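Chemist: Predicted model and sequence below, questions to follow.
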Amino acid sequence: MDFSIGPEDVAAGILQELWNDVGCQVSKLVSETKDVVVEKKSFQEFSRSISELNVLLSTIDTRKVEAARGSQPTKATLEALITHLKRACHIIQHHKSRSRLQLLLNSRKMLLQMQDVAKDIAHDISFLQLVNLDIALNSKTKMEQIINNLSRMKLRSASATDFIASEITNSISQNSHNRENAQKLLEKIAEATGAKMSVSMVREELALLKQEKEELELQKKQADALHISQLMQLLYSTEIIAREHDTETSTNHHQYHPFDSFLCPLCNTIMTDPVAISCGHSFERTAIQELLRQGGKHCPKCKQEITSSDLTPNLTLRSTIEEWNKKDMELKFQAAVRGIKSNDHDRKKEALEDLQYLMENPQYAVRVAEEGLTLTFIAILKDNGLDYKAALKCLYYLAKFNDGQKDAIIEAGAVRRIVKLIYKGGEESDAISVLLELSKKEILREKIGNAKDCIQLLVSLLQKNNPDVSEKAQHVLQNLSSNTHFVVKMAEAGHFQPFVSRFNQGPQETRALMAAALIKMQLKENSIKDLKDRQFIHNLIQMLSSSFPASKSACLKSIKKLLAYPRMVKRLLEVCDTIPHMLSVISYVGSDPYLKQETAETLALLIGASKHLEFQKYQGLQELQSEHNVSLLLQYVANDDDETKIQFMHLLVELSCRSETARDIIRNDNDAITHLFSSLRSDKPSVRRWAMKLIYCISEGHPGGVPVPHSSAKETAINTLAEILTSSPDIEERSIAAGIISQLPSDDAIIDEILHKSEALKAIHEVICSMDEENSGNMVPVSTGSSLLENALAALLRYTEPTKPELQRQLSKLELYPSLVRVLSRGTSLAKQRTAILLAQLSRSNSHFVSDSSTMAKQAKYSLSFHLMKWCWSASSEDRGSCPVHGDACSPRDTFCLVKADAVKPLVRSLSETESGVAEAAIMALETLLTDHSTLSNAAAAIVESQGLVAILQVLEKGTLSAKTKALDLFQKILTHSKISDPIFNRSERILIQLLQDDELRKKAALVLRQMNVIPDQSSYF
C-alpha cells in the first residue's frame, strides 16, 4: 500500500485550513463589534462591511484562489489577513474589558487603530485578487465595494464623546472633588455608554479600575497606575459609594481603620514607603516621583510650591504603618480562623476570602496548618456554595510554604477532587498550581500519577490557550515523567515527548516494555512529530540486536504500527541500521522461525510503503537488492513451513515490484523459478496465491515474459496455471493465473502447443461470458471480477495473433463475439482497451482475407478454414444480409467483421475515454476497416454514420498526444473518402487550427487543413 502524500495535497490542505481560519476570525470579529458601548455608529459601518465580507468569502473556492495566484503567495496573504483580523478583535476586546471612563478617554485612539486595521484588511483582500476569479458579476462588484469601503473608512469619535472625555481630563487635572459636579459628570458618562447611573454601576467601574491599576503596578507602569487612581478618586467623590476603607471587613474583625495620614493623597492607598517633600506632607515614594517626573510643581495636599526634588524618608510614619499593619493582619487572621470553623455560611465565605490573602505570608500558611484547616479547605472544594477558588489558593500556599502538609493534602483526596473540579469547568490555573507544588515532592508523584484521569487531564490542558495553565501542566508532567508507567499513560493520552525522552534514556528492559505499550496505542498525525526523533528510531531499531526474542518482537510490531505514517517510513529509511538489522534477524541461524516471519512481514510493509525512487536514495534499500540478500530471501521461499514461504514471497513481491535488479536476480535463479512453479500445486491457497503474485510481478512488462521452467517442467507449469484458471474457486487466483498466461513468452511454439491442448481458452471464454452475464444487471463489476476479466482479455490476445493459426482456429469455435462487444460498453477502462486491441487483431486478420477473397475462393475448403475465424452466432444471426462494407465477401458464419458485428458504434463511444489508452486502441480497431482500397468509401461512410467524426474531434480536443496523433491519421483517411457536413467541417477546422500551436502535431494538422483547402499548398507549416 502506498502511503505517500504529494506536496500539492499538503499545500491544498494548508490553504483550506487557513481559509477556514479566515472565516472563523471574520465571524468572531462581527460578533465582537455587536456589543460595543462607545461610538456604535462608527462600529456599525465597520461591522457591516466585515459581515458582507464573511458572506462573500464563504462562497469562494480556495482552489480557484490558489490556481489564480499560486500556493505560496496565497498562503502568505491569508496569514497576513488572519493576523489583521485577530488584531481588530484584540483592539475591540481590550477596550471592552476596560471601564466606561477609560473607554471614553481612549475612544479616539481606539478608532484610529481600527481605521488602520480596516485599511490593512482591505489591502489583504485586494492582494488575493478575488475580483479576477471566475465568480458571479454581482459578487465581484460587491467585493470591490467592500475593499473600497474598508480602505477609505474614516472612524471619528463623536463630538459629545470628545466633550465628555475633556471634562473627565479637566476634573482629574484640577483634582476637583465636588460631589455635585462629579455626579453630573457621571450621569453624562452613563448616558454616553448606554448605562444607568446607579450604585451597581459605580461599584462595577471601581472594580474594573482597581483591576487595571493592579495590572499596571505589576508592569511597573506607575504613571498609568496613578492616572487610574485619579479616576477612582473621581468616582469616590460622587459619594454614591463609600470608600473601601470606610466599610467593615467582617462582623468579627473590628479593624483598626487606617488614619488619613496612612493614606497617600495621590493613590489613596496605605503607604509602604512614605517620603516627605519640602512642605512636610508625605506621599508614597513611587507616586510622588511620578508626579515630579510629569512636571508637577505644587504639593497635591496644600498646593504650595515644591521647592526641592529631594525626598526625605518618613521613617516614623513608616514604622507606625508597619505596626498598624501587623495588628490589623493578626486581628484578621484570628477572625478568619473563627469564621472558617463556624457553621455560619456567610462568615465562612468571608473568612475564606481573608485567608487566601493572609496566607501569601509564609508565617500565616504555617499557622493555618497548625490550626488543622487542611481538611476544611479540601471539603470546601466539594461545596458549591463556597468560593472553591479561594480554597485552592489556600491549599496552594499550604503546599508551597509547608512541605509537611503535602502528604496530608494528598491523603485527604485533594488530587481526585481537583481533577473533578477542572473537568466540571472549574478554575484551572490555581488548581494546576496546587498539583505542581505537590508534584515537587518525589515520594508523592506516584499517588498523583495514579489518581484517576489525572494524567489524561494534564495532557488535555497542554492545548489550552491560556499559556499559564499549559506551562504549569507541562511542568507537572515533567515531574511525573521519571515513572515509565506514567509516560506510557501520557503517550496514550497523546503526549509523546516524555515517552520518547524516557525511551531514549532507559535500559533495554524499559524499552521493551515501552515498545510493547506503543503497539496498543492509538496514534495520530500530531504524535508522529515526536516519534520521528532520530535517536528514538535508532534505539528502537537497536532492539533487534537484543538477545531476548520478546524485545525483537515488540520492536517489529512497533515498526509495523509506525509504517502507517509516511513520515515515519522516510525516517526509518533514513536510519541506516533499519534494513541491515532486519536482515541480521533473518540470516541468523538461531533466530526463532516466527521471528523471521515477522521480520519478513515488517520488511515487506516497509518496502511497500516506500516510493520507487527511494531505492537509489537510501543505503538500506540498495543493500537489500544485492544478489546476496535476494538469494538469502529466496532460500526461505523453499522452506517447508508454509507460513514462512508466504511471508518471504510477500517480501519478494514488494521488492521485485520496485526493483528491476531484484527482478532480474530472481528470474535468473532457475532453482527459485522451479520452486515457485511447484508451489502452484500447494494445497494451501495462500501459498499458491503468493507464488503466483511473485511470478506475475517478475514477469509483468519484462521483454522475456514469464521465466517458465525448462524441459518437462514447462508443460506441468503451464497446465497448472490453466487448471487454476479453469477450476479455482478463488477469483483472485484465477485472475493472477490469467495474468501470468498473458505474460508467457509469445515466440515459444511449445507454449502455444501446450495452451492449445489445455483448457485455458475454454476457461477464458467462461470468464468473459460469465462477467458479461453478471454485468448485464450490474454495470459496475467488483474490483476482483474486473481484474479477472482484464487479465482474461490479456491472455486472449495470444489467441488472436495472426502468426498463431492453430490458436486462431481454436478460438473460432467459441461463441465469444457478442460478449466481447458488450465489454466495450460495460467493462473497466483497461478491459475496454484490451477488447479494442482484440477486435483490431481479429478485424486485421479478416481484412487480409477479404482483400484476397477472389484468390482464396479458388482454394480448397479445408485450406480456407486455415485462414478464417468461424464465430458462432446467436440464433438471431441465421438470416443476415450482406456486409455494407465488404459485401458478400464478409459472411457472418465464416469471417469476423466489425461492421456486421455491430462493434463500430461501441468503438466510437470508447473514443470518449481519452485519458486511459482506450481511445488509442479503439482508433486502431477502426483503422482496420480502412486497409482495403476497394472498400474505403463504404468503410469511411460506416464510421461517419456511427458519429465517428464527432468522437474523433473530441479526441483531438482532449486526448493524449498519442491519441491525437492516431486520431489525425484516421480523420485524414475518412476525409479522403467521405463527405462531411458543414457543422463538422467548421468545428474540425477550428480544432485543427488550434493543433497548429502544438510542435508535435503541427505538420499533421497542416496536411489535413491543406486537404480541406483551408491553407495553401505552399504554407510555411510544411
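Modeler: Yep, that arrived.

Chemist: just checking, residue 735 touches residue 795?
Modeler: No: look at residue 735 against residue 795 with Cβ atoms under 8 Å: they stay out of range, at 10.5 Å. Every residue, glycine included, has its C-beta placed from N, CA and C.

Chemist: Can you tell me the closest non-neighbouring residue to residue 232?
Modeler: Setting aside the residues directly before and after it, residue 232 is nearest to residue 209 in space (Cβ to Cβ, 6 or more residues apart in numbering), at 5.1 Å.

Chemist: Quick one: classify the one you found as helix, strand or coil.
Modeler: helix (DSSP: H, G, I helix; E, B strand; the rest coil).

Chemist: contacting residues for it?
Modeler: Residues near residue 209 by Cβ atoms under 8 Å, 6 or more residues apart in numbering: 99, 101, 102, 228, 231, 232, 235.

Chemist: Out of those residues, flag the one nearest to residue 998.
Modeler: Of all the contacts of residue 209, residue 102 has the smallest distance to residue 998: 70.1 Å, by Cβ to Cβ.

Chemist: Now do the helices in the stretch 101-250 of the chain.
Modeler: Using DSSP state H, counting those that start in this stretch, the helices assigned to the stretch 101-250 of the chain run over residues 107-127, 137-151, 159-173, 179-192, 199-218, 222-236.

Chemist: Let me fix that, I meant to ask about the stretch 501-650 of the chain.
Modeler: Under DSSP H, counting those that start in this stretch, the stretch 501-650 of the chain gives helices at 508-520, 525-531, 534-542, 549-562, 566-574, 578-587, 593-609, 619-624, 627-637, 642-658.

Chemist: which of those helices is buried the deepest?
Modeler: helix 642-658 (a mean of 23; mean count of other Cβ atoms under 10 Å).

Chemist: Check the offset of the next helix or strand after that helix from the chain's centre.
Modeler: As assigned by DSSP states H and E, the chain's next helix or strand after helix 642-658 is helix 660-667. Relative to its chain's centre, helix 660-667 lies at 38 Å (Cα atoms, centre = their mean, to the nearest Å).

Chemist: Residue 80 and residue 397, how far apart?
Modeler: Distance, residue 80 to residue 397, by Cβ to Cβ, to the nearest Å: 46 Å.

Chemist: who has more neighbours, those two?
Modeler: Legend: neighbour count by other Cβ atoms under 10 Å for residue 80 and residue 397, higher for residue 397 (27 against 15).

Chemist: Give the helix, strand or coil label for the more buried one.
Modeler: With three-state DSSP as the basis, residue 397 sits in helix.

Chemist: Return the residues in contact with residue 793.
Modeler: Residue 793 touches 768, 823, 831, 834, 835, 838, counting by Cβ under 8 Å, 6+ apart.

Chemist: now it, nearest residue through space, not along the chain?
Modeler: Distance criterion Cβ to Cβ, 6+ apart; nearest residue to residue 793, sequence neighbours excluded, is residue 834 at 3.9 Å.

Chemist: coming back round to it: can you tell me which of the contacts of residue 793 is closest to residue 904?
Modeler: residue 835 (13.8 Å).

Chemist: Which parts of the protein are strands?
Modeler: For the chain, strands defined by DSSP state E occupy the ranges 274-276, 282-284, 312-313.

Chemist: just to revisit the earlier point, make CSV from the helices of the stretch 101-250 of the chain and add mean pLDDT and distance to residue 720 to it.
Modeler: Below are the helices of the stretch 101-250 of the chain laid out as CSV (pLDDT from 0 to 100; distance: least, Cβ to Cβ, whole Å):
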stretch, mean pLDDT, distance to residue 720
helix 107-127, 82, 68
helix 137-151, 79, 67
helix 159-173, 70, 95
helix 179-192, 78, 96
helix 199-218, 81, 86
helix 222-236, 72, 92
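
Chemist: Just confirm residue 541 contacts residue 580, I think it does.
Modeler: No: using Cβ under 8 Å, residue 541 is not in contact with residue 580; the gap is 9.2 Å.

Chemist: which regions of the stretch 751-900 of the chain sit below the pLDDT cut-off?
Modeler: 772-785, 846-881, 888-895 (pLDDT under 70).

Chemist: try 80 this time
Modeler: Along the stretch 751-900 of the chain, segments meeting pLDDT under 80 span 771-785, 808-809, 811-815, 817, 845-883, 885-896.

Chemist: Kindly report the same for the stretch 251-400 of the chain.
Modeler: Within the stretch 251-400 of the chain, the stretches with pLDDT under 80 are 251-261, 324, 327-328, 331, 383-386.

Chemist: ok, which stretches of it are helices?
Modeler: Counting by DSSP H, counting those that start in this stretch, the helices of the stretch 251-400 of the chain are 285-293, 315-341, 345-358, 362-370, 374-380, 388-401.

Chemist: and among these, the most buried is which?
Modeler: The stretch of the helices of the stretch 251-400 of the chain with the highest mean neighbour count (mean count of other Cβ under 10 Å) is helix 388-401, at a mean of 24.

Chemist: packing partners for that one?
Modeler: helix 345-358, helix 362-370, helix 374-380, helix 405-411, helix 414-423, helix 429-439 (3 or more Cβ pairs under 8 Å, 6 or more residues apart in numbering; DSSP states H and E).

Chemist: Packing partners of the second one?
Modeler: In this structure, helix 362-370 makes packing contacts with helix 315-341, helix 345-358, helix 388-401, judged by 3+ Cβ pairs under 8 Å, 6+ apart.

Chemist: For residue 117, which of those is the nearest?
Modeler: Once the helices and strands packed on helix 362-370 are compared by Cβ to Cβ, helix 388-401 is nearest, at 35.6 Å.

Chemist: quick one: the closest one to helix 362-370, angle?
Modeler: Put simply, helix 388-401 runs at 100 degrees to helix 362-370, going by axes from the mean of the first three to the mean of the last three Cα atoms, to 10 degrees.

Chemist: Next, work out how far apart residue 660 and residue 670 are.
Modeler: Counting by Cβ to Cβ, the separation of residue 660 from residue 670 is 19 Å.

Chemist: which of the residues in stretch 475-488 are buried?
Modeler: 475, 476, 477, 479, 480, 481, 483, 484, 486, 487, 488 (16 or more other Cβ atoms under 10 Å).

Chemist: Now do the contacts for residue 397.
Modeler: 356, 359, 360, 362, 365, 368.
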